[in-house]
Every structure is written in structure tokens, then in C-alpha cells.
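Asker: Sequence and predicted structure, then a few things I'm wondering about:
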Amino acid sequence: MKTIKVETTYFEMFEDPKLGLPSNDNNISIEKHVPTVDDYRKLFIAVGKNWLWSSRLVMTKEELEKIITDNNVEIYLLKIDGTTAGFIELDRSFENDIELAFLGLIPDFIGKGFGKYCLHWAIQKSWFYNPKRLWLHTCKLDHPNAMELYKKVGFKVYKVSMIEEYILNESDY
């Protein structure tokens with residue numbers, strides 16, 4: 001395992017943009033999920049491997065379990081015709097803030113409008129809790145359309161910085 005420096009962009013919004021869910025002809029559902037550590041890691045790899053996601057994979061089982069079982073962390077599965085297509089993770093453990101910690105799709109479902117659907121849903125769900133701020137971060141390793149989509153729905157950049165990311169070997173996935 002090695003580390004590299006990656007440009008990371010932080011976005012925030014301070015009011016509900018009142019987005020509707022994009023229309024879609026598919027049988028879409030988003031369901032709350034309380035995974036085991038092993039199930040979470042499998043999902044995290046399925047969604048994030050192509051984007052070199054590693055943050056949750058370098059944690060100990062105990063560290064990850066503490067996060068995913070925290071009452072302020074909500075994990076949702078996106079399902080298309082009953083098949084898991086991606087996930088959303090909201091972190092409400094910050095006072096007055098909600099972090100859209102993760103949002104991603106399994107590769108077979110990318111490019112079909114499901115990412116936009118998930119983002120709109122996650123924004124609606126977050127503003128249901130009446131936070132003062134909704135925020136997220138992304139980096140140059142994520143899907144190339146992510147930053148534009150965040151801007152289109154009303155997020156504004158508030159910080160750009162270089163951070164160290166772990167790059168895992170193929171065998172680490």
C-alpha cells in the first residue's frame with residue numbers, strides 16, 4: 001500500500017434546493033441498510049474500486065463497525081428491480097451539519113441517470129433533518145462527472161486542498 005497526494009474539493013449548501021426526483025422508467029427503491037462489516041466492505045469495494053476508494057478498507061474491523069453502527073450514520077442501498085446498484089451514506093454526527101459521506105454506483109449502473117437520482121434523493125433526505133449545512137467532498141480520482149453534478153444541484157465549493165490517499169494493491173481489494 002502506498003499514498004499519493006490528491007486534489008480534494010469540498011462542497012457545501014446552506015438551504016434546501018427543493019429538488020424533485022428525476023423521472024425514471026426503472027423500478028427504483030432506496031432502502032435503509034444496516035450492514036455487517038464484511039457486507040459493507042464488499043459494497044464499498046463494488047462501488048469504489050474503480051475510483052480507488054480506500055478509506056474504509058484501511059480501517060480495522062472495530063473502527064469500521066463503530067462507524068456503520070453509529071445511530072447518526074445512515075446507509076441506504078439503491079436497488080434497481082431488486083438488485084443492489086449502489087449506496088448512499090449520510091453522517092449526521094456533526095452538530096448542525098450533515099455530511100454526504102459516500103454516494104456511488106456499482107459500475108454496471110453508471111451512466112444511466114441513477115447517480116443523479118441518488119444525489120437528489122440524498123439531498124431531500126438530508127434536508128428532512130433541517131441541518132444548517134449539507135456538505136461533501138470529492139477528489140480527482142472520483143467519477144469525472146461528479147463535480148459538475150454537485151454544482152448543478154446547488155453545492156458551492158468552499159475549499160480545495162491536497163490530501164494523502166491510500167492506494168491499495170489489487171490484492172487488497
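Answerer: It's in. Because the structure is predicted, anything quoted here is derived from the model rather than measured. Numbers count the residues shown, from 1 in each chain.

Asker: what packs against the top helix by length along the chain?
Answerer: Ranked by residue count and defined by DSSP state H, the top helix of the chain is helix 114-128. Under the contact definition 3 or more Cβ pairs under 8 Å, 6 or more residues apart in numbering; DSSP states H and E, helix 114-128 sits against strand 28-33, strand 73-80, strand 83-94, strand 97-105, strand 133-139, helix 146-152. In short, each C-beta sits where N, CA and C put it, glycine included.

Asker: Name the residues that touch that helix?
Answerer: Residues outside helix 114-128 that contact it (Cβ atoms under 8 Å, 6 or more residues apart in numbering) are 13, 16-17, 19-22, 24, 26, 28, 30, 74, 76, 78, 80, 85-86, 88, 90, 98, 100, 103-105, 134, 143, 145-146, 149-150, 153.

Asker: Return the distance of stretch 115-124 from the chain's centre.
Answerer: How far stretch 115-124 lies from its chain's middle: 10 Å, per Cα atoms, centre = their mean, to the nearest Å.

Asker: Mean confidence (pLDDT) on it, please.
Answerer: Averaging pLDDT along stretch 115-124 yields 96.

Asker: Can you give me the buried ones in that stretch?
Answerer: Under the neighbour-count criterion of 16 or more other Cβ atoms under 10 Å, stretch 115-124 has G115, K116, Y117, C118, L119, H120, W121, A122, I123 buried.

Asker: repeat for stretch 162-173
Answerer: For stretch 162-173, using 16+ other Cβ under 10 Å, the buried residues are E165, L168.

Asker: one step back: can you select the buried ones from the contacts of helix 114-128 in PyMOL?
Answerer: PyMOL command restricting the contacts of helix 114-128 to the buried ones, with burial defined by 16+ other Cβ under 10 Å:
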select buried, resi 13+19+28+30+74+76+78+80+85+86+88+90+98+100+103+104+105+134+143+146+149+150+153
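
Asker: gap between the residue nearest to G20 when sequence neighbours are not counted and K152?
Answerer: Computed as Cβ to Cβ, 6 or more residues apart in numbering, the closest residue to G20 that is not its neighbour in sequence is H120, at 7.1 Å. Distance, H120 to K152, using Cβ to Cβ, to the nearest Å: 11 Å.

Asker: can you check E7 too?
Answerer: Relative to K152, and taking Cβ to Cβ, E7 is found at 20 Å.

Asker: that older thread, out of the buried residues of stretch 115-124, who's nearest K66?
Answerer: A122 (22.4 Å; Cβ to Cβ).

Asker: In JSON lines, list the helices and strands packed on helix 114-128 along with distance to E164 and mean pLDDT.
Answerer: As requested, those are exported to JSON lines (distance: least, Cβ to Cβ, whole Å; pLDDT from 0 to 100):
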{"stretch": "strand 28-33", "distance to E164": "30", "mean pLDDT": "96"}
{"stretch": "strand 73-80", "distance to E164": "24", "mean pLDDT": "97"}
{"stretch": "strand 83-94", "distance to E164": "21", "mean pLDDT": "97"}
{"stretch": "strand 97-105", "distance to E164": "18", "mean pLDDT": "97"}
{"stretch": "strand 133-139", "distance to E164": "11", "mean pLDDT": "97"}
{"stretch": "helix 146-152", "distance to E164": "20", "mean pLDDT": "95"}
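
Asker: Done for today, thanks.
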